[in-house]
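Q: One predicted model, sequence on top.
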Amino acid sequence: MAKVLVVTSGKGGVGKTTSTAAMGAALAQSGKKVVVVDFDVGLRNLDLVMGAERRVVFDLINVVQGVAKLPQALIRDKRLEGLWLLPASQTKDKEALTDEGVGNVIAELRKTFDWILCDSPAGIERGATLAMRFADEALIVTNPEVSSVRDSDRIIGLLDSKTVKAENGERVEKHVLITRYDPARAARGEMISIEDILEILATPLLGIIPESQDVLRASNVGSPVTLNNPASAPARAYLDATRRLLGETVPMLVPTERKGLMDLLRGRRAA
Amino acid sequence: MSFLRLFSSRPAPAPASAPIARERLQILLAHERGTRGGQPDLLMQLREEILAVVSRHVALDPEKVIVRMERGKNVSTLEVDIELPNELAPALAATG
């Protein structure tokens, strides 16, 4: 049974696209057939983070409008068997996306893929509501920061009312993914605690991704962080989150500050 | 420095990724800016005209046409892969 997972947040810059690419690659690495779909019409970036920006011929709007067939628009990942990208349009108007058109594309994708990851644009406008419209599950990407938590709460409200599942009296299964978690700032008490975020949002936690240079490095070279450096802290956190998404029980590790011997010799206060 | 690194938890730095990022962006933006000013993308235009010419002679099954593109710094490639039904093969051999 195919699963449609929307990656959403309300707020921009929290790590939706990074998370879509990282989790999409991780799911494909575990043998699933995966397509990552960019819903950010006009400001697409998933192609860039996936390293496929030079290979885009057709996009989601071309398929919705019937200019191209779905198989023509899908871009196969060069590194990973079973990973595909459906890019957003860079030039077209986002009004070109209709409920019905997107619904047809998702229904067709369901026939061939195990996982369909919809990378939502920021905001709560049409693009964001369309990205979540046909979702079975939702990944709410949240930073430990007041504005992000507030926007996540807003998005949870939309997931519970504006999706096809909600309208049919069913529930979209929701998960919170905390990203850009900074252990040093957490130790100093400068960030909202994970417990507080979960209590406020009343939604189960799927994973905690530490703030890391590895994420920047991965997007620089156009490779999901789980592929680019699987041993790095953020990649391991994404891989664990992916296993939880697949139903495995994986202990939740709260990232802590890593200190080298030199740091200790210099007498920095341990966290 | 390398001696001191033995005592550090930080591994040796990976080769800088910023130059790769800059080059990728330069190539991408060069193509995107070219298409924004109303001047159509040459590759897109070629794709459409090639398909138009072929479909004048053969009934094209849009499902059997694969168009691949690779935009490079100096050279871009356009690959159009058209699958023709078998009954056309003798005709093509005769004319070709």
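A: Here it is on my side, so go on. Owing to the predicted nature of the structure, the values given are computational and were not obtained by experimental measurement.
Q: how about the strands in the chain?
A: In the absence of a named chain, this looks at chain A. A:3-8, A:34-38, A:75-76, A:83-86, A:115-119, A:137-142, A:173-181, A:205-210 (DSSP state E).
Q: My question was about chain B, not that one.
A: Here chain B has its strands, by DSSP E, at B:65-70, B:77-82.
Q: quick one, which of those strands is packed in tightest?
A: Most buried of the strands of chain B, by mean neighbour count (mean count of other CB atoms under 10 Å in any protein chain shown): strand B:65-70, with a mean of 17. Glycine gets a C-beta too; all of them are placed from N, C-alpha and C.
Q: ok, which stretches of the chain are helices?
A: Because you didn't say which chain, this covers chain A. Per DSSP state H, chain A carries helices over the ranges A:16-29, A:46-50, A:60-64, A:70-73, A:99-112, A:126-133, A:146-159, A:164-167, A:183-187, A:194-201, A:213-221, A:225-228, A:233-245, A:261-265.
Q: To clarify, I was referring to chain B.
A: Under DSSP H, chain B gives helices at B:2-5, B:18-36, B:42-57, B:89-95.
Q: counting contacts, what elements does the third one pack onto?
A: Based on contacts counted as 3 or more CB pairs under 8 Å, 6 or more residues apart in numbering or on different chains; DSSP states H and E, the elements that helix B:42-57 packs against are strand B:65-70, strand B:77-82.
Q: ok and that helix relative to helix B:18-36, angle-wise?
A: Angle, helix B:42-57 to helix B:18-36, by axes from the mean of the first three to the mean of the last three CA atoms, to 10 degrees: 60 degrees.
Q: out of the helices and strands packed on helix B:42-57, nearest to residue A:257?
A: Among the helices and strands packed on helix B:42-57, strand B:65-70 comes nearest to residue A:257, with 42.9 Å by CB to CB.
Q: Show me what that closest one is packed up against.
A: helix A:70-73, helix B:42-57, strand B:77-82.
Q: Neighbouring strands - and their directions - for that strand?
A: Paired neighbours of strand B:65-70 in the sheet (DSSP bridges): strand B:77-82 (antiparallel).
Q: if I pick residue A:153, what's in contact with it?
A: Going by CB atoms under 8 Å, 6 or more residues apart in numbering or on different chains, residue A:153 touches A:200-201.
Q: pLDDT value on it, please?
A: For residue A:153, the model assigns a pLDDT of 96.
Q: measure it to residue A:19 for me?
A: Between residue A:153 and residue A:19 the distance is 19 Å, computed by CB to CB, to the nearest Å.
Q: And for residue A:179?
A: Counting by CB to CB, the gap from residue A:179 to residue A:19 is 6 Å.
Q: between these two, which one's more packed in?
A: Shown here are residue A:179 and residue A:19; by other CB atoms under 10 Å in any protein chain shown, residue A:19 has more neighbours (28 against 25).
Q: what residues does the stretch 51-200 of chain A put near chain B?
A: Residues of the stretch 51-200 of chain A found near chain B (CB under 8 Å from any CB of the partner chain) are A:51, A:53-58, A:68-69, A:71-72, A:90-91.
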